[in-house]
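**Student:** attaching a predicted model along with its sequence, questions to come.
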Amino acid sequence: MTDIAHIRAVAFGLKPLATLASPREVVRQFTPNWFAATMGTGILALALAQFPARIPGLHAVAEGLWWFNIGLFSLFTLLYAARWIFYFDGARQIFGHSVVSMFFGCIPMGLATIINGFLAFGVPHWGETAVQIAQVLWWADAAMALACGIAIPFMMFTRQTHTIDQMTAVWLLPVVAAEVAAVSGGLLAPHLADTHHQLTVLITSYALWA
């Protein structure tokens, strides 16, 4: 294959792994910023589901995007978990990276779109079961968001070097994750049958927002 053909193959996605030494590099080089794709895909699915105009097939497209997002999030989770298992020393170095570490916040935010999708798309199909799944996932999401909101800023002060002139919007990602989880909790609470669970989720959401 000539250089031009090689470039065209990569550009058009015919050989997405062509620039890697081996397929294992996909795992070794995988980072949390990929989860930003699940944020965008999930938000698009939820936005289409709430589109004010009634367009035939639009809700089906939205639900299809939600299912695609679940698959995408699952794939990314497997790849990143594999990196921690097989390339632990390299994976933990991310905490010292002043940019990539910020994207840890994308993981709970991407999961939040899936949780909200269970309420928008899952409840009509599975009823209370979808709510129970959303509740379990929400607590996991809230825990991850809280961990990001505390651990990453701590690393920024203790293990990383930051200056005002290098400030970017990615600094917000670890903190915004808690706000996204809080909003998701506000959507979940009305679906819970137990009033005690409703109050617990609501208070936790207020705490995350604060």
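**Tutor:** Noted; the coordinates are in hand.

**Student:** for this structure, what spans make up the helices?
**Tutor:** For the chain, applying DSSP state H gives helices covering 3-11, 25-28, 36-49, 58-86, 88-92, 106-117, 123-126, 128-158, 173-188, 195-209.

**Student:** so what touches the fifth one?
**Tutor:** Residues from elsewhere that reach helix 88-92 (C-beta atoms under 8 Å, 6 or more residues apart in numbering): 28, 83-84. Where C-beta positions appear, they are placed from N, C-alpha and C, glycine not excepted.

**Student:** so which of the helices of the chain is nearest residue 166?
**Tutor:** Nearest of those to residue 166, taken as C-beta to C-beta: helix 128-158 at 11.7 Å.

**Student:** what does the domain assignment say about this protein?
**Tutor:** According to automatic domain parsing, the chain comprises the domains 1-30, 31-209.

**Student:** before we move on, back to that, quick one: which of the helices of the chain is nearest residue 167?
**Tutor:** helix 128-158 (11.1 Å).

**Student:** coming back round to it: could the helices of the chain go into TSV alongside distance to residue 100?
**Tutor:** Below are those laid out as TSV (distance: least, C-beta to C-beta, whole Å):
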stretch	distance to residue 100
helix 3-11	23
helix 25-28	14
helix 36-49	12
helix 58-86	12
helix 88-92	11
helix 106-117	11
helix 123-126	36
helix 128-158	11
helix 173-188	11
helix 195-209	24
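
**Student:** how about JSON lines for those helices, with mean neighbour count and distance to residue 167 added?
**Tutor:** As requested, those are exported to JSON lines (neighbours: other C-beta atoms under 10 Å; distance: least, C-beta to C-beta, whole Å):
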{"stretch": "helix 3-11", "mean neighbour count": "11", "distance to residue 167": "33"}
{"stretch": "helix 25-28", "mean neighbour count": "15", "distance to residue 167": "30"}
{"stretch": "helix 36-49", "mean neighbour count": "19", "distance to residue 167": "19"}
{"stretch": "helix 58-86", "mean neighbour count": "16", "distance to residue 167": "27"}
{"stretch": "helix 88-92", "mean neighbour count": "11", "distance to residue 167": "25"}
{"stretch": "helix 106-117", "mean neighbour count": "26", "distance to residue 167": "19"}
{"stretch": "helix 123-126", "mean neighbour count": "12", "distance to residue 167": "41"}
{"stretch": "helix 128-158", "mean neighbour count": "17", "distance to residue 167": "11"}
{"stretch": "helix 173-188", "mean neighbour count": "22", "distance to residue 167": "13"}
{"stretch": "helix 195-209", "mean neighbour count": "15", "distance to residue 167": "23"}
